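Trainee: need a 3D model of the sequence below.
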Amino acid sequence: MTVDYDNPDSILNVGDSLKKEKILKENQQKVAKLKEEYQKEQSAKPPVDFSFLKYKTAFFLLCILLVATGIRLYVASMPLTEQWAEQVVEENLKTQVSNRIAEQYPSLSDAAKGELIVQGTQQALASQQNQEAMANLEQEYKKS
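Mentor: Model (predicted):
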């Protein structure tokens, strides 16, 4: 670029050009420095390890197994199943005794029938066979 020293505008243009070149060189140096830093950071980072993913399925299955076992243990210790089994056996026995009494004594009053039903049900519940039936039913409820 030729400079005309007699023309002040030409001198100012040269100064502006020098400033622009200086800023351009500084910016290029900054960009080069940033690129170099970025490459150093990338090379310093260890690669991401995805090996834990192969154990994710095993961990998930283990959690399901533990939850299912906990539920089964809770159900196995439920005292409610014993009461439920007793109620079912007692209702079945009461129905059987009331049907038998209705057949044997059709002309008996309702109060007398009720008294015979209560006595027959208590006798039936006291028998060993019905006690075993309640225990078996309780175990079935605990299994399911």
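
Trainee: per-residue confidence averaged over the one helix or strand residue 37 maps to?
Mentor: Here residue 37 sits within helix 8-44, counting by DSSP states H and E. Helix 8-44 shows a mean pLDDT of 82.

Trainee: distance from that helix to the middle of the chain?
Mentor: In terms of Cα atoms, centre = their mean, to the nearest Å, the centre of helix 8-44 is found 58 Å from the chain centre.

Trainee: same check, this time on stretch 102-115
Mentor: Here stretch 102-115 is found 57 Å from its chain centre; the criterion is Cα atoms, centre = their mean.

Trainee: residues contacting that stretch, please?
Mentor: 98, 101, 116 (Cβ atoms under 8 Å, 6 or more residues apart in numbering). C-betas here are computed from N, CA, C, even on glycine.

Trainee: try it again at 6 Å.
Mentor: By Cβ atoms under 6 Å, 6 or more residues apart in numbering, the list of residues contacting stretch 102-115 from outside reads residue 101.

Trainee: average pLDDT for it, rounded please.
Mentor: Rounded mean pLDDT across stretch 102-115 is 86.

Trainee: and the end-to-end length of it?
Mentor: End-to-end distance of stretch 102-115 (Cα to Cα, to the nearest Å): 12 Å.

Trainee: what do you get for stretch 104-111?
Mentor: Start and end residues of stretch 104-111 are separated by 15 Å (Cα to Cα).

Trainee: over to stretch 66-86?
Mentor: So stretch 66-86: terminal residues 31 Å apart, Cα to Cα.

Trainee: and that stretch, how far from the chain's centre?
Mentor: Averaging C-alpha positions (Cα atoms, centre = their mean) puts stretch 66-86 20 Å from its chain's average.

Trainee: thanks again, I'm all set now.
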